[in-house]
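Asks: from the sequence below, what's the structure:
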Amino acid sequence: MPSRPASAEPTLRRLRIASTIALVTFVGIIAVITLWPGPPAAAGQGWLRDFLRQAHAQGLPWWITFGKIEFGANIVMFVPIGLFGALAMARHRWLIVPAALVASAGIETVQAMALPLRYATVRDVVANTTGALLGYLLAVAMVAYLHRRARRVDRPRPAPIPALPQVR
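Replies: Below is the predicted model of the structure:
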């Protein structure tokens, strides 16, 4: 009876389930962070500004600014959305990137219209979408790796070379 070719599908199915759980968790965390009435961790923002002032005085390059760190944090915040969102979908994984764009624009709209202590910016939408895109690309690479690994397992292995008889 011939053996069935190896498939990445069982692994991908388990990964989809775990990714769906992680995605729901991260969406909840991001909703709390972005829709909280006041700025997140105002004391932490003050601490970071003070730290940057001191670090710049000690030689940290001046181009490393609070705004750039905040932009980078917005990118990092949405990488899990792109990663787990793409892994949670069996098909049309790419839809996670436009979905993240729409969600980010929605967050910024709510901040602009209903949260007077928050600042809504297009820059945040760009950073969030960039993070989702990076996460999506990681997911695509992971899925490709799992498919390659499954194909490698299915390849026939060469027969071992028989040992030469020993002459005494």
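
Asks: tell me what the helix or strand of the chain with the lowest mean pLDDT is packed against?
Replies: The element with the least model confidence among the helices and strands of the chain, by mean pLDDT, DSSP states H and E, is helix 42-57, at a mean of 87. Packing contacts for helix 42-57, counted by 3 or more C-beta pairs under 8 Å, 6 or more residues apart in numbering; DSSP states H and E, involve helix 66-88. C-betas here are computed from N, CA, C, even on glycine.

Asks: returning to that earlier point: so the least confident helix or strand of the chain versus helix 66-88, what angle?
Replies: Between helix 42-57 and helix 66-88, the angle comes out at 120 degrees (axes from the mean of the first three to the mean of the last three C-alpha atoms, to 10 degrees).

Asks: with just CA atoms, put helix 42-57 into PDB.
Replies: Provided in PDB are the C-alpha atoms of helix 42-57 (Å, rounded to 0.1, in the frame of the first residue of the first chain):
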ATOM      1  CA  ALA A  42       1.200  59.200  30.700                       C
ATOM      2  CA  ALA A  43       3.900  58.600  33.400                       C
ATOM      3  CA  GLY A  44       5.700  56.200  31.100                       C
ATOM      4  CA  GLN A  45       5.700  58.800  28.300                       C
ATOM      5  CA  GLY A  46       7.100  61.400  30.700                       C
ATOM      6  CA  TRP A  47       9.800  58.900  31.800                       C
ATOM      7  CA  LEU A  48      10.700  58.100  28.200                       C
ATOM      8  CA  ARG A  49      11.000  61.800  27.300                       C
ATOM      9  CA  ASP A  50      13.300  62.400  30.400                       C
ATOM     10  CA  PHE A  51      15.300  59.300  29.500                       C
ATOM     11  CA  LEU A  52      15.800  60.600  25.900                       C
ATOM     12  CA  ARG A  53      16.900  64.000  27.200                       C
ATOM     13  CA  GLN A  54      19.500  62.400  29.400                       C
ATOM     14  CA  ALA A  55      20.600  59.900  26.700                       C
ATOM     15  CA  HIS A  56      21.000  62.700  24.100                       C
ATOM     16  CA  ALA A  57      23.200  64.500  26.600                       C
END
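
Asks: would you mark the buried spots in it?
Replies: Within helix 42-57, the residues that qualify as buried are Leu52, counting by 16 or more other C-beta atoms under 10 Å.
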